[in-house]
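> Give me a model of this one.
(one chain, ligands or ions: 1)
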Amino acid sequence: MCGIIGYIGERQAHPILLGCLKRLEYRGYDSCGIAIAGNSINVYKNTVRAEELRKAAPQLDGTLGIGHTRWATHGQPSQANAHPHCDCDGKIAVVHNGIITNFQGLKQKLIHEGHKFISETDTEIIPHLIEKYYRGDLERAVEAALDDIEGSYAIIVLMASEDKLVAARKDSPLIIGLGDRENFIASDVPAILDYTNRVIYLEEGDMGVVTKDNIKIRRDGIEINREEHKISWSVDEAQRGGYEHFMLKEIHEQPRVIRDTLVGRVSVAEPTVDLAAMRDKGIESMLILACGTSYHAALTGKYIIEELLRIPVRVELASEFICYGQTLTGTEAIVITQSGETADILRAMRRLKEVGCQVLAITNVVGSTASRIADQTIYTRAGPEISVAATKSFMAQLMVLYWLIMSYSKVDSRRLASMLLALRQMPSKVQQVLNNGYKILEHANNLSGYDNVFFIARGINFPIALEGALKLKEISYIHAEGYAAGELKHGPFALLRSDTPVIAIVAQDNTYEAMLTNIREIKARSSPVIALAEEGDEVIGGLVDSVITVPQVDAIFSPVVNTVALQLLAYYTAKQRGCPIDFPRNLAKSVTVE
Ligand code: GLU
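A predicted model of the protein is given here:
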């Protein structure tokens, strides 16, 4: 995820672009840059945020330009990797949001044809492809370049001596802002609200050709019309996408996050991943270290690994990890950290390296300390998460774990094929949970009156019960405990009363009957029970006080839909209690102390 902007008009583009980029920083900010066109193109970019770039950049003269604030996916944050990227002659500049999945093959071909590359990004192939196809018609050249590209993109193209901007999108958002003798192109509405509230939303596959007085939208080479919208949001509201809180926005981003995390990694056509051959030779066990919400992703991973790979997995809280020097030969060590800066993780990683262990990091931040210490890193591509409570970053971690584990050659090929199909449906299954969010609201209003809540589950959903409890406590301040359902009778039963509700996750797997038994035991102690159960479960309604239904999925993916339902439950409960949801008391997003 990142923010892109284009300006064409009568004013100096430089300050306008930087102002707009500042408004887009909620989409990413590890580096930024601008390109302004005159007879040639002047580019200024660095690993700073827009405000610092504004102070440092020389005044670039011109009324036509593009800008980018980056959240790296390919290549570390560095000056060379920052956008805009140019062709060999520096005549074409491009900003890009998204991931080009086939860039490596295209890059090799272009190098062979004499093109020179200076960055590690996937993006840089775009200006080179446009250069290759340019025969005096920029739109045609862009279309030809996009025909070669697979993956997701929102791009803006600037060419010296062409008095226009060309924009195109696929699976990444893009809008056109309409001004008076000036126009804008941006990733999102907040970028341009200081200048105009008149907006056209580009649709999948649209190409926009924008001059200062005119907008043309083309699709498959044919000109079409798109409706103009008037935006009544403030900049703040627009940054939250119209949602009341970033947390709710981020919960709703999860279908996209699932797609982004899997793009180029999972395809039904080619169900193998190059990681497999490299990694899984001689691995006899796994050790996964994490903290907080990431720890719950790690625990979920343990269930998936043990089911699919039949090797033992040890999951430890990074803050509790002590290694006395025992040999870890044959052990695959994985750390999971959203920020890549969590102090407990970094300490544990250094210890693992001291004892000669290779470490794989799963993190959301390219170039983070964890990625620099690790021998190998897999990025989660959730984009920046602004709300302190982790939601979409957890979902992206789960997706990386599914993908990673499915890539091991030990997985039975028939099971793999059915899982790949199921995985492809996850964005729409999650969307169904979100569409039914209003039904969860009612349960949340009810829950908000209690002081203590238990979350229970068995098997692969046990970590999701822990995560549901963590979400509820951190944002609603209700005391919540996640428990393995079979463990309640070993102590917590003493706490069950009519004022202690229990949320029970009831998955359609081999834990189902045992869960029903546990629910009956709880009901006998008069606690209200809310079940989280699959659509079509005819039995559960007769046992519990109320049911939140989630769509049917292959049981191994039930944590995905259950997580989203519990995130919404926590969110609406906290909202009902009037809590400061995005910034809960005493908490910080990145925990850089041990
Ligand atoms: N893939 C591009 C890069 O790494 C764009 C990243 C993004 O959209 O955040 O530079």
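> what kind of secondary structure is the nearest residue to residue 373 once chain neighbours are set aside in?
Closest residue in space to residue 373, ignoring its immediate chain neighbours: residue 349 at 4.8 Å, by C-beta to C-beta, 6 or more residues apart in numbering. C-betas here are computed from N, CA, C, even on glycine. Of the three states, residue 349 takes helix under DSSP: H, G, I helix; E, B strand; the rest coil.
> my guess is residue 349 contacts residue 371, does it?
No - Residue 349 lies out of contact with residue 371 (C-beta atoms under 8 Å); the separation is 10.4 Å.
> burial measure for the closest residue to residue 194 other than its chain neighbours, as a count.
Leaving aside its chain neighbours, residue 194 sits nearest to residue 19 (6.4 Å; criterion: C-beta to C-beta, 6+ apart). Neighbour count for residue 19, taken as other C-beta atoms under 10 Å: 19.
> picking up where we left off before, residue 349 and residue 371: who's more crowded?
In this view residue 349 and residue 371 are compared by other C-beta under 10 Å, and residue 349 has more residues nearby, 25 against 19.
> Next, give phi and psi for the residue of the chain found nearest the ligand.
Among all residues of the chain, residue 2 sits closest to the ligand, at 3.3 Å; criterion: C-beta to the nearest ligand atom. Per-residue torsions, residue 2: phi -160, psi 180 (degrees, to the nearest 10).
> Now do it against residue 188, distance only.
11 Å (C-beta to C-beta, to the nearest Å).
> Are there residues contacting both of the two? Which ones?
Jointly contacting residue 2 and residue 188 under the rule C-beta atoms under 8 Å, 6 or more residues apart in numbering are residue 27.
> who has more neighbours, those two?
residue 2 (28 against 23).
> ok, now which ones touch the closest residue to residue 57 other than its chain neighbours?
Nearest residue to residue 57, sequence neighbours excluded (C-beta to C-beta, 6+ apart): residue 44, at 4.5 Å. Contacts for residue 44 (C-beta under 8 Å, 6+ apart) come out as 33-35, 53, 57-58, 60.
> got the residues of the stretch 101-250 of the chain near the ligand?
For the stretch 101-250 of the chain, the contact set with the ligand under C-beta under 6 Å from any ligand atom comprises 121-123.
> cool, the chain as well?
1-2, 28, 70-74, 96-99, 121-123.
> Ranking by neighbours, what's the top pick from those residues?
Most neighbours among the residues of the chain next to the ligand, by other C-beta under 10 Å: residue 97, with 31 neighbours.
> who does the helix or strand encompassing that one pair up with?
Using DSSP states H and E, residue 97 falls within strand 92-100. Strand pairing for strand 92-100, determined by DSSP bridges: strand 85-86 (antiparallel), strand 151-159 (antiparallel).
> which of the contacts of residue 44 are buried?
Those of these that meet the buried threshold are 33-35, 53, 57, 60, by 16 or more other C-beta atoms under 10 Å.
> Which pair of those residues spans the longest distance?
Greatest spatial distance in those: 35 and 53, 12.4 Å, computed using C-beta to C-beta.
> okay, and the common contacts of residue 349 and residue 371?
Shared contacts of residue 349 and residue 371, counting by C-beta under 8 Å, 6+ apart, come down to residue 361.
> Export the residues of the stretch 101-250 of the chain next to the ligand to TSV and append columns for pLDDT and secondary structure.
Listed next are these as TSV, based on pLDDT from 0 to 100; DSSP: H, G, I helix; E, B strand; the rest coil:
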residue	pLDDT	secondary structure
121	96	coil
122	96	coil
123	97	coil
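> Now render those as TSV, adding distance to residue 481.
Listed next are these as TSV, based on distance: C-beta to C-beta, whole Å:
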residue	distance to residue 481
121	46
122	45
123	47
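> which SS class is the residue nearest to residue 57?
Applying three-state DSSP: residue 44 is strand.
> what does the one 10 residues further on give?
When classified by three-state DSSP, residue 54 comes out as helix.
> Which residue ranges of the stretch 201-350 of the chain form helices?
Here the stretch 201-350 of the chain has its helices, by DSSP state H, counting those that start in this stretch, at 235-239, 246-252, 254-262, 274-279, 292-309, 343-354.
> name the helices or strands packed onto the third one?
With contacts defined as 3 or more C-beta pairs under 8 Å, 6 or more residues apart in numbering; DSSP states H and E, the secondary structure elements packing on helix 254-262 are helix 392-406, helix 426-435.
> got the CA positions of it in PDB?
Output in PDB follows, covering the C-alpha atoms of helix 254-262 (Å, rounded to 0.1, in the frame of the first residue of the first chain):
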ATOM      1  CA  GLN A 254      -9.200  -7.400   5.300                       C
ATOM      2  CA  PRO A 255     -10.600  -8.900   2.000                       C
ATOM      3  CA  ARG A 256      -8.100  -6.700   0.200                       C
ATOM      4  CA  VAL A 257      -5.300  -7.500   2.600                       C
ATOM      5  CA  ILE A 258      -5.900 -11.200   2.000                       C
ATOM      6  CA  ARG A 259      -5.700 -10.700  -1.700                       C
ATOM      7  CA  ASP A 260      -2.600  -8.500  -1.500                       C
ATOM      8  CA  THR A 261      -0.800 -10.900   0.800                       C
ATOM      9  CA  LEU A 262      -1.400 -13.900  -1.500                       C
END
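> Residues contacting it, please?
1, 99, 152, 171, 380-383, 391-392, 395-396, 399-400, 403, 423, 426-428, 430-431, 434, 560, 564.
> One more: the fifth one?
The set of residues external to helix 292-309 that reach it, using C-beta under 8 Å, 6+ apart, is 286, 288-290, 311-313, 315, 317, 334, 336-338, 342, 390, 393-394, 397-398, 401-402, 405-406, 408, 410-412, 415, 459-460, 462-464, 466-467, 470, 556, 559, 591.
> Spatially central residue for the protein, please.
Closest residue to the average C-alpha location of the chain: residue 382 at 1.6 Å, with C-alpha atoms, centre = their mean.
> name the element that one belongs to?
Per DSSP H and E: nothing holds residue 382, as it lies in no helix or strand.
> hmm, back to that, would you mind putting the contacts of residue 44 into TSV with secondary structure and pLDDT alongside?
Output for the contacts of residue 44, formatted as TSV (DSSP: H, G, I helix; E, B strand; the rest coil; pLDDT from 0 to 100):
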residue	secondary structure	pLDDT
33	strand	97
34	strand	97
35	strand	97
53	helix	93
57	coil	87
58	coil	89
60	coil	89
